[in-house]
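Visitor: Got a predicted structure plus its sequence, pasted below:
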Amino acid sequence: MSITSNSLVFHSIRQWRCVSHRPIPDKYLRLREMDLSAVTGSKKTFDLLSDSFAINKLTLGSTPGGCDEFLTITNLESLNFVNNKNLSLKFLTREKCSSLRSLSFNNCQEVPIERLFDFVKNNTHLAELNFSDSQGRKRHTVDLIMSIFSPSNVTEAFNFNYSACKVFRTEIIPRVVFLRTNALRTLNLENNDYFKGFVTDIIDNAPNLVELNLLVLDFNYPLLLSNLPQLRSIRINYNYHIVNALISAGPKQTFEVLINNTWGKKRTRVINLANLAGVIHACEQIDFKFVNCRINVPTHVRQDLATHGVSLRALDNTVSLLKTL
């Protein structure tokens with residue numbers, strides 16, 4: 001259900017109450033999803049939502065005056081804030097949001113990070129946190145990383161976009177990167193070049209990573225993929241050491257690789273697919289993409305790949321290798 005004004009919220013509730021013919025109707029109108037991103041919320045809006053609805057997925061727009069503190073939704077599993085400048089997050093407590101599994105902030109300003117930290121660290125059910133294109137984080141920015149990497153936290157998916165933030169508390173980084181977590185499965189630091197010097201330390205302390213996205217981070221040092229036995233997907237800028245890592249410690253199961261060369265072909269070494277034959281054959285399934293890279297495919301390698309059911313395609317600046325069961 002997508003609603004564009006507060007009056008429609010109130011009308012929908014009145015209409016639902018009128019059409020219910022039960023002597024004692026259920027207290028809550030049960031909805032899978034409600035989108036209020038186009039609505040400027042009010043205390044009355046959230047009182048009605050809390051008293052009348054059981055919602056699985058809720059998207060909220062503007063909440064002036066911190067009126068979101070009155071929000072209490074039964075069965076809420078996913079909460080998304082969009083274009084919000086006035087969040088209080090006072091409602092965001094383990095008691096009120098015990099069922100919350102996914103929390104997202106998109107293009108929000110002045111997010112009260114400390115309240116968010118407390119919730120993330122104390123809510124054992126939260127599985128996914130997305131924080132993108134949001135502003136006003138200032139000195140508290142990096143603290144969010146510390147929360148996610150807390151050893152007691154169970155967050156599985158972490159996506160964070162620092163591109164809009166200019167100020168960092170750099171002194172907290174050394175404490176962050178040496179905190180070990182076995183829970184983290186997805187790490188997306190695309191376009192967050194600030195962390196290029198800490199990638200090794202971070203992934204060394206998250207041994208159960210399954211998906212790793214480091215696109216647009218330019219660094220020139222090796223990554224020990226052998227430390228990530230569960231890794232199934234890696235997206236990264238061209239790095240000669242990454243190619244060597246795939247050769248020496250490649251995966252043995254389904255694997256997706258995207259390597260994007262932003263340096264220009266003349267400034268990078270040729271990738272010889274003959275050197276990758278071992279990892280290609282070892283994987284049950286692969287989906288390799290080399291974008292703007294210099295690729296050498298000897299004739300015997302091309303024939304060998306075809307024999308083992310590997311499809312090789314070259315389109316524009318992308319060379320693709322695909323192998324399926």
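Guide: Perfect, I can see it now.

Visitor: State the next helix or strand along the chain beyond the helix or strand in which Leu246 is found.
Guide: Assigned by DSSP states H and E, Leu246 falls within helix 240-249. Scanning the chain past helix 240-249 towards its C-terminal end, the next helix or strand to appear is strand 255-260 (assignment: DSSP H and E).

Visitor: Only C-alpha atoms, please: export that next one in CSV.
Guide: Only the C-alpha atoms of strand 255-260 are listed here, as CSV (Å, rounded to 0.1, in the frame of the first residue of the first chain):
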residue,chain,number,x,y,z
PHE,A,255,32.3,-18.0,-7.5
GLU,A,256,31.5,-14.5,-9.0
VAL,A,257,34.4,-12.2,-9.8
LEU,A,258,34.2,-8.6,-11.2
ILE,A,259,37.5,-6.9,-11.8
ASN,A,260,37.2,-3.3,-13.1
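
Visitor: what residues does the helix holding Leu246 touch?
Guide: The set of residues external to helix 240-249 that reach it, using Cβ atoms under 8 Å, 6 or more residues apart in numbering, is 220-226, 234, 236, 257, 259, 268-269, 271, 275-276, 278-279. For glycine as for every other residue, the C-beta is placed from the backbone atoms N, C-alpha and C.

Visitor: Now it: buried residues?
Guide: Within helix 240-249, the residues scored as buried using 16 or more other Cβ atoms under 10 Å are Ile242, Val243, Ala245, Leu246.

Visitor: Distance check, the second one against Lys265.
Guide: The one in question is Val243. Val243 sits 15 Å away from Lys265 when distances are taken as Cβ to Cβ, to the nearest Å.

Visitor: Do you have the helices of the protein handy? List them.
Guide: Read by DSSP state H, the chain holds these helices, from start to end of the chain: 6-19, 43-52, 113-122, 143-148, 173-177, 199-204, 240-249, 277-282, 299-307.

Visitor: these two touch, right, Glu128 and Arg101?
Guide: Yes. At 6.8 Å, Glu128 and Arg101 qualify as touching, with contact defined as Cβ atoms under 8 Å.

Visitor: show me where the stretch 101-250 of the chain has strands.
Guide: With DSSP state E, counting those that start in this stretch as the criterion, the stretch 101-250 of the chain has strands at 102-106, 128-132, 157-160, 186-188, 211-214, 233-237.

Visitor: and the third one, average pLDDT?
Guide: Spelled out, it's strand 157-160. Here the mean pLDDT over strand 157-160 is 54, rounded to a whole number.

Visitor: my guess is Asn191 contacts Leu214, does it?
Guide: No. Under the contact definition of Cβ under 8 Å, Asn191 does not touch Leu214, with a separation of 9.8 Å.

Visitor: Could you count how many residues lie near Phe288?
Guide: Other residues near Phe288 come to 22 when the count uses other Cβ atoms under 10 Å.

Visitor: quick one: it and Leu305, what's the gap?
Guide: With Cβ to Cβ as the criterion, Phe288 and Leu305 are 11 Å apart.

Visitor: Need the residues touching each of the two.
Guide: The contact lists of Phe288 and Leu305 share Ile280, Leu321, where a contact means Cβ under 8 Å, 6+ apart.

Visitor: Just the buried ones among the contacts of helix 240-249, please.
Guide: Using 16+ other Cβ under 10 Å as the burial test, those include Leu223, Leu225, Ile234, Ile236, Val257, Ile259, Thr268, Ile271, Leu276, Val279 as buried.

Visitor: quick one on the thing from earlier: neighbour count: Asn191 and Leu214, which is higher?
Guide: It is Leu214, of Asn191 and Leu214, that has more neighbours when counted by other Cβ under 10 Å, with 25 against 14.

Visitor: The residue lying closest to Val257 once chain neighbours are set aside and Phe255, how far apart?
Guide: Nearest non-adjacent residue to Val257, counting by Cβ to Cβ, 6 or more residues apart in numbering: Phe288, 4.7 Å away. For Phe288, the distance to Phe255 under the criterion Cβ to Cβ works out to 8 Å.

Visitor: I'd guessed Phe105 sits against Val120; true?
Guide: No. Under the criterion of Cβ under 8 Å, Phe105 makes no contact with Val120, lying 11.9 Å away.

Visitor: These two: which is more packed in?
Guide: A direct count of neighbours by other Cβ under 10 Å for Phe105 and Val120 places Phe105 higher, at 22 against 18.

Visitor: And that one, how far from Asn80?
Guide: 8 Å.

Visitor: Pro64 too?
Guide: Counting by Cβ to Cβ, the gap from Pro64 to Asn80 is 18 Å.

Visitor: Comparing these two, which residue is more hemmed in?
Guide: For Pro64 and Asn80, the more surrounded residue by other Cβ under 10 Å is Asn80, and the numbers stand at 16 against 12.

Visitor: No further queries at this time; thank you.
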